[in-house]
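A.B. asks: give me a 3D structure for the following:
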Amino acid sequence: MSQNINTPVVKKVFVLMLENRSFDHMLGFSGLDGTDAITGKPRSINGLQPGKYFNRDSSGNLLYASTGAAYDLKEDPGHEFNDVVEQLCGAGAAVDPLTGRYPRVTNSAFVLNYLRQHPSTSPVPVMQCFEATRLPVLESLAKEFAVCDAWYSPVPGATWPNRFFIHAASSAGMVESPDWSALTSTFFLGYSFQHGTIFDLLDASNIDWCVYEGDAFPQAFAIRGMTWQWIRNHRFRDFVHFENDIKSADFKPQYVFIEPNYGRDILPPMDFMGGNSQHPIDNVLRGELLIKKVYESIRQSPHWESSVLVITYDEHGGFYDHVPPPTGATPPGDAANVSRQPEFDFKQYGVRVPTLVISPFTARNIIDGTLYDHASFLRTLELLFDLPTLTDRDRNAADFIHLLRSVKDPRVGGPSPTVPPSHGINQMKSPGPDATQSGPEFRAPLNLVAKEVRPDRRGEDIHATSEATANDPLKRHHYGWLHVAFLRDLAIRQHKRMSTLALDDLRREVAYIRTQGEARHYMNEVRAKVAAFKSENNL
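C.D. replies: Next up, the predicted model:
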């Protein structure tokens, strides 16, 4: 599918990966029309029609995919590996424990899975989607550039394995969130992959890169070697610097990965509020503002004319999508380094997620139905920068080079797409101490603000909630973030040349953390250390 890939036009590649939203949930009712990327013929996105797609509840009642999605939820839909098996394949479905073969996919039990965990909820939010104009930034960029409506998460599971796939074309066998054994084993060194990551490939080719982080605990920091990259090479940088950094014609990184602010400390009780990752429990409009900020910073920079920005989501977050994800994915073929994970052959794709490809080399209103997953991003980057592949997954993934060759002359002039002044965000608060928000806000219709944006719950019950959960044991989804906090703490202590004995004491200290209160206390300490280190080193 690649065309003229040796033309050295795209020199800067940016990717913004957001959280936990399915394609139908975000764009299924957008009504987007455009031009097919392959045939050149008019087509509409593969979206939803009112009263056509449904799941059943436990009583057999039909619950249809409909509009009316809330900007934030009170409860987080399930999206661990076993949740997704049920959502895609029905109640009682299970992966073959001997072969790892996935059962037949029907997309039939998103409702059952949600109600099993949140039985009193009505209406069921996983079947509710955003109608047209509710997400003006995402929609306007989809109309102005290319939207991919067959881009799947690589793993039918949670955030961590899917995010690892965009870095390594593999999760090294992980299909669930990290557990206690991951935290207390060799993972103290960081998560490793048999064939390395895209960052290793870039380093080997002397290509500069940077991770812009929205808060103190970026998930990519869990990769082995990132402590050194942060302390020694300054490859991790606070997002507050992003806009100013890329204004410079001397901006060096050719690959930039942007992590959002994940919300209120990503500490227990893990409510993710106050960030801009678009996590279901956070407000999706803050993520709209982040998308706008990233796009406009690049668009107004001297690097726009040689750039591509990919906006995507790690996985579906438990939200319904009507398209059964296909089987036939290529397993990475590398060694696993995790234990006690469900057996899985990595041949089943996860649920569809929204993905936009934005570049002056991309024609307007393009809709691309090519089968992609996160490894497709890596394959495209490898072709653009003449890099080797990492695993069998990216080696066999479709690239989207054709989307960067879809206009005769690059669109280097003219105004950037604008959001109508009646749309957007009104009176939204900053994401907090690691704020990624800056510049003027854009305004929302009063009826949306009044009816659909719940007041920010930060501070309303944080102390009561924290005290109530202080003695509760850590849950599975806490361990990964605790691991990142440990690695940041370790990096700072090593930089200060702490003794080996002191570092061993730190490992033991973290290994003995058992309750949410202990984790909260430790991670708050680390957050303060990270903020001080960033300030001292202009990071």
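A.B. asks: in the helix or strand harbouring R508, what counts as buried?
C.D. replies: R508 belongs to helix 500-511 when assigned by DSSP states H and E. Buried residues in helix 500-511, counting neighbours by 16 or more other CB atoms under 10 Å, are found at V510. Just so you know, the C-beta spots here come from the backbone N, C-alpha and C atoms, and that holds for glycine as well.
A.B. asks: C-terminal to that helix, what's the next element?
C.D. replies: Assignment by DSSP H and E places the next element after helix 500-511 at helix 516-537.
A.B. asks: now for that next one, which elements pack on it?
C.D. replies: Helices and strands touching helix 516-537, by 3 or more CB pairs under 8 Å, 6 or more residues apart in numbering; DSSP states H and E, are helix 462-469, helix 476-495.
A.B. asks: run the last query once more with 10 Å
C.D. replies: Helix 516-537 makes packing contacts with helix 226-231, strand 236-238, helix 462-469, helix 476-495, helix 500-511 when contacts are defined by 3 or more CB pairs under 10 Å, 6 or more residues apart in numbering; DSSP states H and E.
A.B. asks: how about it as CSV, C-alpha atoms only?
C.D. replies: What follows is helix 516-537, C-alpha atoms only, in CSV (Å, rounded to 0.1, in the frame of the first residue of the first chain):
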residue,chain,number,x,y,z
GLN,A,516,-5.0,2.5,49.0
GLY,A,517,-4.0,4.9,51.8
GLU,A,518,-0.4,3.8,51.7
ALA,A,519,-0.3,4.1,47.9
ARG,A,520,-1.9,7.5,48.0
HIS,A,521,0.6,8.8,50.6
TYR,A,522,3.6,7.4,48.6
MET,A,523,2.4,8.7,45.2
ASN,A,524,1.7,12.2,46.6
GLU,A,525,5.3,12.3,47.9
VAL,A,526,6.6,11.2,44.5
ARG,A,527,4.5,13.8,42.7
ALA,A,528,6.0,16.5,44.7
LYS,A,529,9.5,15.2,44.0
VAL,A,530,8.8,15.1,40.3
ALA,A,531,7.4,18.6,40.2
ALA,A,532,10.6,19.9,42.0
PHE,A,533,12.9,18.0,39.7
LYS,A,534,11.1,19.4,36.6
SER,A,535,11.3,22.9,37.9
GLU,A,536,15.0,22.5,38.7
ASN,A,537,15.8,21.1,35.3
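A.B. asks: quick check: mean pLDDT of that helix?
C.D. replies: Computed over helix 516-537, the mean pLDDT rounds to 90.
A.B. asks: domain ranges for the chain, per the record?
C.D. replies: The chain breaks down into these domains under automatic domain parsing: 12-412+425-452, 465-537.
A.B. asks: need the winner for burial among these.
C.D. replies: domain 12-412+425-452 (a mean of 20; mean count of other CB atoms under 10 Å).
A.B. asks: which stretch in the domains of the chain has the least confidence?
C.D. replies: Least confidently modelled of the domains of the chain is domain 465-537, at a mean of 85 by mean pLDDT.
A.B. asks: how close does A158 get to E315?
C.D. replies: As for A158, its distance to E315 is 7 Å (criterion: CB to CB, to the nearest Å).
A.B. asks: err, N206, not the other one
C.D. replies: 33 Å.
A.B. asks: now the helices for the stretch 1-150 of the chain?
C.D. replies: 23-27, 81-89, 110-117, 136-144 (DSSP state H, counting those that start in this stretch).
A.B. asks: can I get these in TSV with distance to D472?
C.D. replies: Output for these, formatted as TSV (distance: least, CB to CB, whole Å):
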stretch	distance to D472
helix 23-27	30
helix 81-89	21
helix 110-117	17
helix 136-144	36
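A.B. asks: rewinding a little: counting by contacts, list what the helix holding R508 packs against.
C.D. replies: helix 180-184, helix 476-495, helix 516-537.
A.B. asks: for L112, which of these is the nearest?
C.D. replies: Distance to L112, taken as CB to CB, is lowest for helix 476-495 among the helices and strands packed on helix 500-511, at 21.3 Å.
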